[in-house]
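S.K.: Sequence and computational prediction follow.
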Amino acid sequence: MSSLVSERIRARFPDAVVEAHQQHGDDTVVVRREALLDVLRFLRDEPDLDFRMPLDVTCVDRLAMGERPRDHVDAMNPPLTDPDPVPRGPGLKPRFEVVYHLRSLSRARGQVIRVKVRVDEDDARVPSAVGLFKGFNWFEREVFDMFGIRFEGHPDLRRILLYPEFQGHPLRKDYPRRGHQPRVPMPRLRGDQVPGVTVPKE
Amino acid sequence: MANKTAVEVGRDLHTEVLQVNMGPSHPAMHGTVRIHLWLDGETVADADVDIGYLHRGFEKMAEAGTWSKVIPYTDRLNYVSPLINNVGYCGAVEKLLGLEITERCKYVRVFVSEVSRICDHLTAIGASALEVGAFTPFLWAMQAREEFYFLIEMITGARVTTSYTRIGGLRWDLPEGWVERYEHCERRLMSLLDDIETLLTRNRIFIDRNADVGVMKADDAIAWGFTGPCLRAAGVDYDVRKAQPYLVYDRLEFDVPIGHKGDNYDRYLVRLEEIRQSVRIIRQVIRDIPEGPVNVNDWRVVLPPKDQVYDTIEGMIAHFEIIMKGVQVPPGEAYYAVEGGNGEVGFYVVSDGGGRPYRVHVRPPCFAIMQGLRDMIVGGMVADIIPTFDSINMIGGEIDR
């Protein structure tokens, strides 16, 4: 049996793996969304894999893949306030790639595996992995905050770095680099529910 | 009317849960964190840790310029140990380029990383003493840190905003007399560290305030994604420098101290011992560091020397290619992790084959650790929040990016 973890996943879930590569020594596997939780559970619970440490969840917006500067002025000073923020690159479909990094605590040299799921803009939903790795809680909230990916089954999916009234998702490639936000009305201090805060029940 | 028993009095004293905002304008919250507390008397019934007060959009800014223009931004991530971030980011881009840096550069990067780690741990130790009322060890730790800041200033030209590494090498080699300067720092550090230890390690008040407070068990710590001193204090023998050695860490001898309870006191002891291990690493670096260039000899990546730029057409073209178009990084993705002051600092970089980063994501260690803060403070006393919060050494610049 191959020692590559991606090969193990392919052998165990033959239908789930879309793509796998080992670029720069990073073992990477792209799986179908429906199989994500099964793959993550397999990685965590299989005794000789033992990928117990949740490292990171992030996302890549592939809308502007292949975009090139228009001219040397553009190359020197990339526009910060582009009137037309729609990227000029060919882009890739599906648009978003949610990237999970896990680290094994027992395999040789602390191996890292990268698991990716691709979802499109009109269906930006991914099952939440918080039930498997509670350490993914804030990371998924951050991806929701910055990219607007909805993690289904997340216990507390709300913005984390930005304020609740923020409009849009700033790390999307079609969000302008110097985008402006509308003014948020001052909440009345007495009697109003503080946004984003839930009061625990008795 | 008959006298009431203690139980009956307690039944009459109905209490209600009190909501308190701790921070962001609180001296101990660094101005960057709000903890929304639900208090039952002096006990913390529930807590909601709210971050984001220092969000600057690092990852969005990184996409704007060329690959080299990200380096100054990385200084502002963990501003107590900026050199480790510089090393991590440049390492990630070099991994994407498939570039092997020179031997001397590797040793210099290890040296500056360990100096930064000492600064980081000194800050954490000094502040954790300060939070329980011990002012003198804090001043001593700052005094020792100041010596190292002078050393860093001598090497990089800046105390905090270092921007020392470059893709494929360094800004410049170590300056004349760096060994003597370091040895002076080490002597001061060792004497101050002994003094700090004398005042704190067996201090009754310090132990009472810190032992068995803010406990995080090993299994939970792994599940929350803890790394660094907080994870090792829980008893997990995990260090990126050992688990996935980068630069020349596999050639250097050092031990990884671990605790067994995972409380504040263990975190203090782990950090204290890691300072001594860092000193041990630096001594080996000074012994082994080879002569030679610090930059790779490849003008597609590293700026050519100035006389070549001014006097030859090739040098000038190479210079302008890097400044205007940026280092051409082939398409792909890479994850490169270094052991920062607080744990694993990972850089996930994606290139679509141009001179600008397509995506730069940093995996900040504090972000994962702050998730676990709620579990560490709920059920404890209000007064224990401050030492616990400080023992994880939260750095706002890194957590909010």
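M.R.: It's in.
S.K.: Got the phi and psi for A:Arg8?
M.R.: Note on A:Arg8: its backbone torsions stand at phi -60, psi -40 [degrees, to the nearest 10].
S.K.: which residues does the closest residue to A:Arg10 other than its chain neighbours contact?
M.R.: Among residues not flanking A:Arg10 along the chain, A:Val17 sits closest, at 4.6 Å (Cβ to Cβ, 6 or more residues apart in numbering or on different chains). From N, CA and C alone the C-beta is placed, and that goes for glycine too. Taking Cβ atoms under 8 Å, 6 or more residues apart in numbering or on different chains as the criterion, A:Val17 is in contact with A:6, A:9-10, A:29-31.
S.K.: Quickly list what A:Val17 is bridged to.
M.R.: Following DSSP bridges, A:Val17 is listed with bridge partners A:Val31.
S.K.: same check, this time on the one 4 residues further on
M.R.: Beta bridges link A:His21 to A:Thr28 when assigned by DSSP bridges.
S.K.: Find me the pLDDT at it, would you?
M.R.: For A:His21, the model assigns a pLDDT of 83.
S.K.: Quick check: which ranges of chain B have low pLDDT?
M.R.: Within chain B, the segments meeting pLDDT under 70 span B:1-4, B:6-7, B:9-14.
S.K.: Which residue would you name as the spatial centre of chain B?
M.R.: Closest to where the C-alpha atoms of chain B average out (Cα atoms, centre = their mean) is B:Gly341, at 3.2 Å.
S.K.: Okay, and that one sits in which element?
M.R.: Under the criterion DSSP states H and E, no helix or strand holds B:Gly341.
S.K.: Then the one 5 residues further on?
M.R.: Taking DSSP H and E as the definition, B:Gly346 sits inside strand B:344-351.
S.K.: List the strands paired with that strand, with their directions.
M.R.: By DSSP bridges, strand B:344-351 pairs with strand B:332-339 (antiparallel), strand B:359-363 (antiparallel).
S.K.: and the next element down the chain from the last one?
M.R.: As assigned by DSSP H and E, the chain's next helix or strand after strand B:359-363 is helix B:365-371.
S.K.: And that following helix, what does it pack against?
M.R.: Here helix B:365-371 touches helix A:137-147, helix B:396-400, going by 3 or more Cβ pairs under 8 Å, 6 or more residues apart in numbering or on different chains; DSSP states H and E.
S.K.: Off-centre distance for the last one?
M.R.: The reference is to helix B:396-400. Distance of helix B:396-400 from the chain centroid (Cα atoms, centre = their mean, to the nearest Å) equals 10 Å.
S.K.: Over to the first one?
M.R.: Relative to its chain's centre, helix A:137-147 lies at 7 Å (Cα atoms, centre = their mean).
S.K.: What lies in contact with that helix?
M.R.: A:54, A:56-59, A:61, A:96, A:98, A:124, A:128-130, A:149-151, A:154-162, A:169-172, B:59, B:225, B:367-368, B:370-371.
S.K.: Give me the angle between that helix and strand B:359-363.
M.R.: 160 degrees (axes from the mean of the first three to the mean of the last three Cα atoms, to 10 degrees).
S.K.: Toward the C-terminus, what is the element adjacent to helix A:137-147?
M.R.: That would be, after helix A:137-147 and using DSSP H and E, strand A:150-152.
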